[in-house]
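> sequence and predicted model, in that order:
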Protein chains: 2
Amino acid sequence: MSFLDEVPWNGEGLIAAVAQDAKSGRVLTVAWMNRDALQETVDKKRAVYWSRSRRKLWRKGEESGHVQKVREVRLDCDADAVLLSVEQEGGIACHTGRERCFFRRLENGAWVTTDPVLKDPAKIYGKKK
Amino acid sequence: MSFLDEVPWNGEGLIAAVAQDAKSGRVLTVAWMNRDALQETVDKKRAVYWSRSRRKLWRKGEESGHVQKVREVRLDCDADAVLLSVEQEGGIACHTGRERCFFRRLENGAWVTTDPVLKDPAKIYGKKK
């Protein structure tokens, strides 16, 4: 039996995947994995997700270079989420050019952007997004 | 317009919610919120989730006493996950009596339990679970 068989993949065949920076402890991204994505993540020791919008495997960093090298994979008690401890290449996890995707904080009933753009996405992706 | 309107609630009306210990930085739990849960979390400054199995609001700690006091709420770039910075009452987030739900680590193709039970769940819940 494979470790993959212990995951109760949801109706779409997915599990939530949280990536946490191994050094800073910051939560960088939440994305989704299907069976193939989790297998490849473990095999290659780099984060591979399932892109729900593009409906294909998303090898994080394939366009941006912002690969997440995976140090550790954990599973939660009801096995509906994995937690990755990662080294974030380039120090940028978000497609907006920020360190992390959680760059908005709720303040007095409004989402306020608190984190700076570290690199213009047009320069990351070589074209305007 | 409410901050709730900026969340693209999924087909089930839910968003993923990651809770991170404000002190240790450990990721404790991943659960789900609906609109009412997120509103109450913000109003009461304690984590309230939607229990998918029980199909009702789950005020974390209502049975166990292991309340998550919420210091900060963040939203990710595509608004499909929130990140809570919490103070975990009792130092136990998991219903198994462990500090966190991510107590299993993948080692050589198998999920291995790495974290100790800090308190017998029978004592937490007053009955065998």
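That came through, no problem. Residues are numbered from 1 along each chain as shown, chains lettered A, B, ... in the order given.
> count of residues packed around the residue nearest to A:R35 when sequence neighbours are not counted?
Nearest non-adjacent residue to A:R35, counting by CB to CB, 6 or more residues apart in numbering or on different chains: A:L4, 5.5 Å away. Where you see a C-beta, it was placed from the backbone N, CA and C, and this is true even at glycine. Using other CB atoms under 10 Å in any protein chain shown, A:L4 has 15 neighbouring residues.
> okay, and the spatially most central residue of chain A sits in which element?
Nearest to the geometric centre of chain A sits A:T29, at 4.3 Å (CA atoms, centre = their mean). Using DSSP states H and E, A:T29 sits within strand A:27-33.
> ok, that strand near chain B or not?
Yes - using CB under 8 Å from any CB of the partner chain, strand A:27-33 reaches chain B at A:27, A:29-30.
> what about that strand, average pLDDT?
Strand A:27-33 comes out with an average pLDDT of 97.
> list of residues touching that strand?
Defining contact as CB atoms under 8 Å, 6 or more residues apart in numbering or on different chains, one finds that strand A:27-33 is touched by A:14-21, A:41, A:47-50, A:52, A:58, A:60, A:68, A:82, A:86, A:88, A:93-94, A:99-102, B:16, B:18, B:20, B:27, B:76, B:80-81, B:83.
> among those, which are in helices?
A:T41 (DSSP state H).
> among the contacts of strand A:27-33, which ones are buried?
Buried members of the contacts of strand A:27-33, scored by 16 or more other CB atoms under 10 Å in any protein chain shown, are A:14-21, A:41, A:47-50, A:58, A:60, A:68, A:82, A:86, A:88, A:93-94, A:99-102, B:16, B:18, B:20, B:27, B:76, B:80-81, B:83.
> contacting residues for A:L38?
A:L38 neighbours (CB under 8 Å, 6+ apart): A:4, A:7, A:15, A:17, A:48, A:73, A:82.
> list just the nearest of these to chain B.
A:V73 (4.3 Å; CB to the nearest CB).
> does that closest one sit in a helix, a strand or a coil?
strand (DSSP: H, G, I helix; E, B strand; the rest coil).
> quick one, what contacts the closest residue to it other than its chain neighbours?
Excluding its sequence neighbours, the residue lying closest to A:V73 (CB to CB, 6+ apart) is B:L106, at 4.3 Å. Counting by CB under 8 Å, 6+ apart, B:L106 touches A:3, A:42, A:72-75, B:112.
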